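Trainee: using only what follows, build the 3D model:
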Amino acid sequence: MTNMDRQFPIGFWNYTPVGWYGPETVQDWKDCGMTVAISPRFHPDQCRKEDLLKILDESYRLGIRVIVSDDRTYWHGAAQDPEAYRQRVREAYADFGRHPAVFGFHVGDEPTFQAIDEAILAYRIHLEVAPELTPFINFLPCPADLDTKWALYAENFDSFADRFASAAGLKLLCYDHYTQMLPEESGIESYFLDLRQYMEAAKRLQLPLWTTLLSVGHYRYRCPTEDDLRWQLNTAVASGCKGILWFYFYLNGAPINYRVPPIDELGEKTETYRWLSRTLRIFAKKFGPTMAGLDHLSTYHFVKSYGGYPIFRHNTDPYVYSVSSEHGLPGMLSFFRGQEGDLYIAMVNTSQKESGVFKVLFQPQVSQVFHLVWDGTEKDVSTCGQDAFYAVQDGKILSGTWLAPGQMELFRIRC
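Mentor: Here you go, the predicted structure:
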């Protein structure tokens, strides 16, 4: 296993053309905490192959996996002339597919119900040409309250997901959702509903789930703050996502109403870049390699449930007796299993605006609780510092801490 394989996949969407910048920009990706990137878009009649290869070389040197965005590999036209599409994929594979930085090719984004058959065919051709790679396709959000465009997804979501995965040989399930950055709380409800439904599908299909989160203000979506970026990342990971993409990194030109992405229309790093960089690098230091190796078991909400997640009930779990929020803020409690069989528990503050104290009271059979602190190191919660809370009540370990909006803490327990 290489160092690239041990990293938690975090990347971004890219809409710039090859040649718009050189390989030096890959350092910006690295400095922002990215471990995966969608490449700049390669137009075979307009771009030089050498320019993209230089970016792939630098990505490999810096330990970043790349999803190659090549006009030849998008699903459009696959149904009309499968052999011609197969040849296009072969040409792209011959140019880039054997490069060690390549994760897979971009097959397309947000197929509508009407495009599903063509997308399935294209995906199968990718696997035929390059079975060692992971073709990448991103699906629509599915709550029906968003727009009629999504209604068929919501009404037929389970059958759609099962059919696509089975017919295409899907290796990875990924979708996008941005309503969590709307001013109305109903957007948070929609976000968690989608997260729960996609996670249930991923488990049923035995596929890793990735999601696309928001890093640029547009339309009615606000420009995310550092609290917002942390909230999105940790709620998604604690709900079981095994990879994260951000929409998006570069503002190519000056689209109306799109504002303050990580790198703006002037080509300058913004406050969003600095916030995202800090958020992602802290996540990597505290949780990245550990979370990459954990299997999600279950997620509960407490104080307030969003998206149909079950409320955690006192004394119904064999390891956790109760969870409390001293300031009445909502939260999440998620259970994971490690590769050595250890049980991990993630606690997240799901308030987008307020910090508060959160505590977990463990069952008597739990003899020791370890808190992940930095670079894979752990501390027994009985030795944690002044910002943490620790006690033993009737033979039960009590552990707690202050959590900022979207802050996650991870614990490993021993019985």
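Trainee: hmm, Y321 is touching L333, no?
Mentor: No. With contact defined as Cβ atoms under 8 Å, Y321 does not reach L333; the gap is 11.8 Å. No exception for glycine: its C-beta is placed from N, CA and C like everyone else's.
Trainee: pLDDT weak spots in the stretch 1-150 of the chain?
Mentor: By pLDDT under 70, the weakly predicted segments of the stretch 1-150 of the chain are 1-5, 143-150.
Trainee: ok, now the stretch 251-400 of the chain?
Mentor: Regions of the stretch 251-400 of the chain meeting the criterion pLDDT under 70 cover residues 385-386.
Trainee: helices along that one, start to end?
Mentor: In the stretch 251-400 of the chain, the helices defined using DSSP state H, counting those that start in this stretch lie at 271-286, 288-292.
Trainee: now the last one: buried residues?
Mentor: What that stands for is helix 288-292. Residues 288, 290-292 are the ones in helix 288-292 that count as buried (16 or more other Cβ atoms under 10 Å).
Trainee: export those as JSON lines, with columns for distance to K353.
Mentor: What follows is the buried residues of helix 288-292, written out as JSON lines (distance: Cβ to Cβ, whole Å):
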{"residue": "G288", "distance to K353": "27"}
{"residue": "T290", "distance to K353": "28"}
{"residue": "M291", "distance to K353": "25"}
{"residue": "A292", "distance to K353": "30"}
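Trainee: just those now: which is nearest A391?
Mentor: A391 lies nearest to T290 out of the buried residues of helix 288-292, by Cβ to Cβ, at 26.0 Å.
Trainee: beta partners for I413?
Mentor: Counting by DSSP bridges, I413 is bridged to L343, V369.
Trainee: count of residues packed around it?
Mentor: 23 (other Cβ atoms under 10 Å).
Trainee: I'd guessed it sits against G341; true?
Mentor: No. Between I413 and G341 no contact is recorded; they are 11.7 Å apart, counting by Cβ under 8 Å.
Trainee: specify the local secondary structure of the closest residue in space to D117 that isn't next to it in sequence.
Mentor: Counting by Cβ to Cβ, 6 or more residues apart in numbering, A79 is the residue found nearest to D117 once chain neighbours are left out, at 6.7 Å. Under DSSP: H, G, I helix; E, B strand; the rest coil, the three-state class of A79 is coil.
Trainee: what's near enough to touch A79?
Mentor: Shown in contact with A79 (Cβ atoms under 8 Å, 6 or more residues apart in numbering): 117-118, 121.
Trainee: one more pass at 10 Å, please.
Mentor: 85, 115, 117-122 (Cβ atoms under 10 Å, 6 or more residues apart in numbering).
Trainee: again, but for P40
Mentor: 14-21, 25, 47, 51-52, 55, 68-69, 250, 252.
Trainee: so which bits of stretch 370-384 are buried?
Mentor: Of the residues in stretch 370-384, those buried (16+ other Cβ under 10 Å) are 370-372, 381, 384.
Trainee: cool, and stretch 112-129?
Mentor: Across stretch 112-129, burial judged by 16+ other Cβ under 10 Å covers 116-127, 129.
Trainee: my guess is L62 meets K30, correct?
Mentor: Yes. Between L62 and K30 there is a contact under Cβ atoms under 10 Å: 4.7 Å.
Trainee: hmm, back to that, could I get the helices of the stretch 251-400 of the chain as CSV with distance to I188?
Mentor: Formatted as CSV, these follow (distance: least, Cβ to Cβ, whole Å):
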stretch, distance to I188
helix 271-286, 19
helix 288-292, 22
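Trainee: and the direction of the host helix or strand of D228 versus that of helix 271-286, what angle?
Mentor: Applying DSSP states H and E as the criterion places D228 in helix 226-238. Here helix 226-238 runs at an angle of 40 degrees relative to helix 271-286 (axes from the mean of the first three to the mean of the last three Cα atoms, to 10 degrees).
Trainee: and helix 226-238, which residues are buried?
Mentor: By neighbour count on 16+ other Cβ under 10 Å, the buried set for helix 226-238 is 226-238.
Trainee: quick check: what element follows it along the chain?
Mentor: Downstream of helix 226-238, the first helix or strand assigned by DSSP H and E is strand 243-247.
Trainee: send the alpha carbons of that next one over as PDB?
Mentor: Output of strand 243-247 as PDB, limited to C-alpha atoms (Å, rounded to 0.1, in the frame of the first residue of the first chain):
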ATOM      1  CA  GLY A 243     -14.400  10.700   0.100                       C
ATOM      2  CA  ILE A 244     -15.100  14.400  -0.300                       C
ATOM      3  CA  LEU A 245     -15.100  16.700  -3.300                       C
ATOM      4  CA  TRP A 246     -15.500  20.500  -3.200                       C
ATOM      5  CA  PHE A 247     -17.500  22.500  -5.700                       C
END
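Trainee: who's in contact with the closest residue to Y60 other than its chain neighbours?
Mentor: Sequence neighbours aside, A101 is the residue nearest to Y60 in space, at 3.8 Å (criterion: Cβ to Cβ, 6+ apart). Contacts for A101 (Cβ under 10 Å, 6+ apart) come out as 4, 26, 37, 39, 53, 55-66, 68.
Trainee: in strands only, show me those residues.
Mentor: Among the contacts of A101, DSSP state E puts 37, 65-66, 68 in strands.
Trainee: and these as TSV, adding neighbour count?
Mentor: TSV is the format used below for the ones in strands among the contacts of A101 (neighbours: other Cβ atoms under 10 Å):
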residue	neighbour count
A37	27
R65	21
V66	25
V68	28
